[in-house]
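Colleague: Could you work out the structure for the sequence below:
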Amino acid sequence: MVEVDVDVARTAAAALADAAPTVGEHPWTGRTFTAGWGSSDVLDVTLVDPQLVVEVDVDVARDGAGRWRHPVRLHRARPDLTASDVPSFRTGRG
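Modeller: Modelled structure (predicted):
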């Protein structure tokens, strides 16, 4: 079970409460999300306009499809950043 910081989760939930589904292209269009490592259950997701930036803790291990092998943990919200301040997964950092 992945532990979640309740205050961080509340901040994220409040920021996403009024999020609207994306109109047009989204950075994650075409990606699938599963319930966990080794799971074949694909989660039903709604891609929204990327307006909230959060930091996550992840292990660098990925599978052949580029999915993280271990749970991704929400670390903190970053209201000081916008989505355009963050490099996409395709480009990485430098």
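
Colleague: from here on, contacts and neighbour counts on C-alpha atoms
Modeller: Fine.

Colleague: Let me see the ranges of the helices in the chain.
Modeller: 6-16 (DSSP state H).

Colleague: where does it dip in pLDDT?
Modeller: Under the criterion pLDDT under 70, the flagged ranges of the chain are 1-4, 36-38, 89-94.

Colleague: what's the closest non-adjacent residue to A77?
Modeller: V54 (4.3 Å; C-alpha to C-alpha, 6 or more residues apart in numbering).

Colleague: what sits against that neighbour?
Modeller: L74, H75, R76, A77, R78 (C-alpha atoms under 8 Å, 6 or more residues apart in numbering).

Colleague: Which ChimeraX command selects the buried ones in those residues?
Modeller: For the buried members of those, the matching ChimeraX selection, counting by 16 or more other C-alpha atoms under 10 Å, is:
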select :74,76,77
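
Colleague: how about the contacts of V54 in JSON lines, adding distance to G64?
Modeller: Formatted as JSON lines, the contacts of V54 follow (distance: C-alpha to C-alpha, whole Å):
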{"residue": "L74", "distance to G64": "23"}
{"residue": "H75", "distance to G64": "25"}
{"residue": "R76", "distance to G64": "28"}
{"residue": "A77", "distance to G64": "29"}
{"residue": "R78", "distance to G64": "30"}
